[in-house]
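Asker: What follows is a protein structure lacking sequence information:
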């Protein structure tokens, strides 16, 4: 077992005792076990020589050492060196939607707008994304108002009906995109004043703080001057002027990226600085317009700039689930959905290929093998 696994090992000790049912508990004869395989733990570390048991109801039944698995179960033998992960998660892109369908209206505080109405579950891009290991998509309206309705999160699966995997969260913005000549606020000072009134006078008091789009350094700085009851998730691109050190001790969660090989190094450095204060990160992918490897590419670039590998894996898997308040997604643990991806190596390695995908415990037929290319257009 690699270093950094003591926390997960303590959980495994309890799970091993709980998982002695395999040969005696009725109803598990149709379970599937994937072994032996390295598994990404909820803390982002990698545990070697494990077995993951998938219950017939599409959830994870157990995570145990490979030699503890019942040989009578239907077994998927993982390739040497392969790593099993939760599904990747595209945050706030347009995967499954047309961008024009995500336009917010003219209402400054719009609590009724639901991004789920823009989602098309019949889009072929959903299955195409899944073949690259991207199993969740969260869509949200463009940040043209202070309150821009609610986000919506779905399983990437082409079907006649959508498969939601998280309840929507309020989407807010403190950015130049809110300023319009046709309505208030027309100035940044007016926008900040409206925000202060919203938080102090009750409309935003004691509510879910949601997700705040504050892309630039000035947006970020002014966001931190507001009197939050609890800090929202911050969607921030950042640069050298971003005072991310002020997040120290605030239990902050920040959405960053996507990062490009020839992109702005200051944005990457800002994310790394934020992580060094204890802020947890989650990567954006920008699909479907961006290449399908943007999520893992952002992680690899951040690691090259100094981000800890475990923190990078959390930013790919468990933290996006925290952003959307998703339960039972983004982690490999008993009771979670069996939305899994088998990579040929550590997903932080850009050369790692997608070998197999499971959605709700169902193995997906693979037509591609994780090659880097753009996803198809959205209808």
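Answerer: Yep, it's here. For clarity, every value in this text was computed on a predicted model and none was experimentally measured.

Asker: And stretch 305-318, how far out from the chain middle?
Answerer: 12 Å (C-alpha atoms, centre = their mean, to the nearest Å).

Asker: From the contact counts, what lies against whatever helix or strand residue 89 lives in?
Answerer: Per DSSP states H and E: residue 89 is located in strand 88-93. Judged by 3 or more C-beta pairs under 8 Å, 6 or more residues apart in numbering; DSSP states H and E, the packing partners of strand 88-93 are strand 134-139, strand 280-283, helix 294-304, helix 318-323. (C-beta placed from N, C-alpha, C; glycine too.)

Asker: Please tell me how far residue 358 sits from residue 220.
Answerer: Here the criterion is C-beta to C-beta, to the nearest Å. By it, residue 358 lies 38 Å from residue 220.

Asker: between these two, which one's more packed in?
Answerer: Neighbour count, other C-beta atoms under 10 Å: between residue 358 and residue 220, residue 220 has more, with 27 against 24.

Asker: Excluding its own residues, what touches the helix or strand where that one lies? List them.
Answerer: Using DSSP H and E, residue 220 falls within helix 217-223. With contacts defined as C-beta atoms under 8 Å, 6 or more residues apart in numbering, helix 217-223 is touched by 174-176, 188, 192, 212, 214, 234, 236, 238-239, 241-244.

Asker: Cross the residues you listed against helices and list the overlap.
Answerer: Among the contacts of helix 217-223, the residues falling in helices (DSSP state H) are 188, 192.

Asker: Only the buried subset of the contacts of helix 217-223, as a PyMOL command please.
Answerer: Buried members of the contacts of helix 217-223, defined by 16 or more other C-beta atoms under 10 Å, are picked up in PyMOL with:
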select buried, resi 174+175+188+192+212+214+234+236+238+242+244
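
Asker: between the contacts of helix 217-223, which is closest to residue 102?
Answerer: Of all the contacts of helix 217-223, residue 175 has the smallest distance to residue 102: 15.9 Å, by C-beta to C-beta.

Asker: Distance check, the closest one against residue 236.
Answerer: 10 Å.

Asker: which residues do these two both contact?
Answerer: 214, 215, 219.

Asker: my guess is the second one meets residue 242, correct?
Answerer: No - no contact is recorded between residue 215 and residue 242 when judged using C-beta atoms under 8 Å, the distance being 10.1 Å.

Asker: Determine the residues that are contacts of both of these two.
Answerer: Common contact partners of residue 215 and residue 242 (C-beta under 8 Å, 6+ apart): residue 236.
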